[in-house]
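Novice: A predicted structure for the sequence below; I have some questions about it.
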Amino acid sequence: MYIRKSVHKGKNGKEYVNYLLVESIATPKGPRQKTICSLGSLEPGPPEQWHALARKLEAALSGQLTLDEPDPSVEEIVAKAKKRGKRTKRQIQKEGEIVEVRVDAVAAEDAREVGPVHVANQFWMRLGMEEVLTESGLDKKSCELTKVMAFNRLINPASEHGMPAWANATALEDIIGIDLSTLKDDALYRNLDRLYPAYVQIESSLRAREVNLFNLECTIYLYDITSTYFEGRCVKNGEAKRGYSRDKRPDAKQVVVGLVVDREGFPIMHEVFEGNRADCTTVGAMLDALERRQGKKEGLTVVVDRGMADSKNLELIRSRNYHYIVATRQGERDRFLCEFEDEEGFVEVKRLTSATNPYQKKSQVEVKKKECGGEFYVLVVSEERASKDRSIRETHERRLLCDLKKLKERIGRGRLKEEGKIYEAIGRIKERYPRVAKYYEISYNKGEDKLIWAAKEEERAKAEKLDGSYLLKTDRSDLDPEEAWHIYSLLTRAEAAFRNMKSPLAERPIFHQLKNRVRAHIFLCVLAYHLLVAIEKTLHDQGIYASWGTVKEALKTHQVVTMLLPTADGRVLKVRRATRPTPEQIELYSKLNVPHEPIKPKKIWL
């Protein structure tokens, strides 16, 4: 506590002086000053004695005993403060119901996690999901079931069989106001069948809302693909096929998922292809779907990775009056080796702060632009990537040499004698380590019955110079090399979207066996990702670079409980309300612009 002098002017212009006893208190909006009582217009002693007087008053008001002689002035002020602090019975009744409670019999029950569900529901409403689903032809029940399923994907992914148990273990029923005790998995499976036919309209409407809500740009489309594997044989799904597995599951059938995102990572559209579909064959289908759903937007820039950067696709992009920025294949990069050797013309890139981790160590990146045949090439040398490339190359080289030594021992012991079989073994080793096998001359000396290998030092030195380098290609003459690199690096937003969908949202493995339910399952993950990226974008704009996983972990201790208050007259008052959020939770709610109280308290007399 402290004493503050207050001066104000009256209507006649005369100054009035008043001395106040003030206490500093903490509030969710920061420190505030609370007036305990007025000390009057007479100065309470010299200013240098105010601090000591305030300490005496604070001690007296808190009931502390003192060995000093009673001070009449202090007792007078304390009496005045206590009188001011008393409220009349009428005032108390206005503030709330007053009951006499048997303290020893107070209990709490039915505690349920509310924080993550509360945030998910607020962003569901902010994105206007209810209106989007209704406009797409879903009835009220389907909208409610879709909300439950999307929230489950976002917060604690489970199968449709496990979703009802999850829903009833959280405060979802308190939040959305519907009875979930009778929810069954059959209703959720049937809802997938209703959801799938409407996914195109839902995705288009949701994109339009997000553009306006977050002021998103529509000039850059980032396209990437991934694969998602199945558990089971999937005999009734024609799209489930074996192909190149990015999940390291070549034994399982899979589908390929293509996703287009903008520069902020918001999904624009997605497509599902057969599991053995080659990357480069999906670009045309993606552009056709984009134009059907979003309309043709000439002049936009399409960014794809090297797996889809063949000449046919680049011509396809140009024919639609779009621009492109792509990474070239390794062979095309090798032709520019002399440009890497010439250090003139390289510019150091000014690295932007990472959207996901601003404290990440920044590596040096240098770029250099060169025009060739009407196209513009950007040579990129990354210090961080150089160490990674070198480590991978050296690891593969050690494994190659280890396998060659084992093969040599087999030949020396006479366990492998046929010349044809020996060359087959050599071929398998080369096939296993294509990155480094080309830097070695491997042969079999039949006369000496010996395996011989020697390093091609010139080829190896060339590879070392290319460590950490890659080549970008674009048809945009207006971009300097630094801008081109920044735009291409945005492709990591699409990769991040796939990582989020596969891990936090548990898109894989897929247990559904029917084609439409598989597609609906993937769309449900995309729908949950819309909520995830909206939450993270809101936090990033407020200077908090936290993932949804971190936010979810911080909020899960915020709960809704039912308090049982037995009263003196034999009745029981049940109060259903949320616990008081922690300071960390209050800060997150404030940054997300979400109410601190998830539900309004409910009272029931028994």
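Specialist: Received the coordinates, thanks. Residues are numbered from 1 along each chain as shown.
Novice: from now on I want contacts and neighbour counts done on CA atoms only, so please keep to that.
Specialist: Noted.
Novice: could you tell me the end-to-end distance of stretch 120-138?
Specialist: Its start and end residues considered, stretch 120-138 measures 20 Å (Cα to Cα, to the nearest Å).
Novice: give the rounded mean pLDDT of that stretch.
Specialist: The average pLDDT within stretch 120-138 is 96.
Novice: and it, how far from the chain's centre?
Specialist: Averaging C-alpha positions (Cα atoms, centre = their mean, to the nearest Å) puts stretch 120-138 20 Å from its chain's average.
Novice: doesn't residue 79 belong to a helix?
Specialist: Yes. Per DSSP: H, G, I helix; E, B strand; the rest coil, residue 79 lies within a helix segment.
Novice: counting neighbours, which bits of stretch 444-462 end up buried?
Specialist: 444, 451 (16 or more other Cα atoms under 10 Å).
Novice: what distance separates that stretch from the centre of its chain?
Specialist: In terms of Cα atoms, centre = their mean, the centre of stretch 444-462 is found 50 Å from the chain centre.
Novice: so, low pLDDT: which residues of this structure?
Specialist: 10-11, 25-31, 58-73, 78, 80-97, 336-343, 350-363 (pLDDT under 70).
Novice: strands paired with the longest strand seen in the chain, and their directions?
Specialist: The longest strand of the chain (DSSP state E) is strand 15-27. According to DSSP bridges, strand 15-27 forms sheet pairs with strand 2-9 (antiparallel), strand 30-40 (antiparallel).
Novice: got the domain ranges for the chain?
Specialist: 2-86, 103-109+558-605, 336-475 (automatic domain parsing).
Novice: how about the strands in the stretch 401-550 of the chain?
Specialist: Assigned by DSSP state E, counting those that start in this stretch, the stretch 401-550 of the chain shows strands spanning 440-445, 450-455, 469-474.
Novice: can you add distance to residue 237 and give the domains of the chain back as a markdown table?
Specialist: Written out in a markdown table, the entries for the domains of the chain read as follows (distance: least, Cα to Cα, whole Å):
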| stretch | distance to residue 237 |
| --- | --- |
| domain 2-86 | 54 |
| domain 103-109+558-605 | 41 |
| domain 336-475 | 33 |
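Novice: from what I can see residue 209 touches residue 126, true?
Specialist: No. Using Cα atoms under 8 Å, residue 209 makes no contact with residue 126, being 9.6 Å away.
Novice: coming back round to it: among the strands of the stretch 401-550 of the chain, which is nearest residue 214?
Specialist: Judged by Cα to Cα, the one of the strands of the stretch 401-550 of the chain that comes nearest to residue 214 is strand 469-474, at 28.4 Å.
Novice: buried residues of the closest one, list them for me.
Specialist: Applying 16+ other Cα under 10 Å to strand 469-474 flags 469-474 as buried.
Novice: what residues are up against residue 597?
Specialist: By Cα atoms under 8 Å, 6 or more residues apart in numbering, the residues touching residue 597 are residue 578.
Novice: tell me the SS of it?
Specialist: Under three-state DSSP, the three-state class of residue 597 is coil.
Novice: how near is it to residue 507?
Specialist: With the distance defined as Cα to Cα, residue 597 ends up 32 Å from residue 507.
Novice: about what we covered before: closest one to residue 415 among the strands of the stretch 401-550 of the chain?
Specialist: When these are compared by Cα to Cα, strand 450-455 sits nearest residue 415, at 12.8 Å.
Novice: for residue 420, the count of nearby residues, please.
Specialist: Per other Cα atoms under 10 Å, the neighbour tally for residue 420 reads 10.
Novice: ugh, typo on my part, it should be residue 292
Specialist: Residues near residue 292, counting by other Cα under 10 Å: 12.
Novice: what's the helix or strand for it?
Specialist: Assigned by DSSP states H and E, residue 292 belongs to helix 283-294.
Novice: ok, then the element right after that helix?
Specialist: strand 301-304.
Novice: partner strands of that next one, parallel or antiparallel?
Specialist: The pairing partners recorded for strand 301-304 under DSSP bridges are strand 220-229 (parallel), strand 323-327 (parallel).
Novice: just how off-centre is that strand within its chain?
Specialist: That offset, for strand 301-304, works out to 22 Å (Cα atoms, centre = their mean).
Novice: all set now, cheers.
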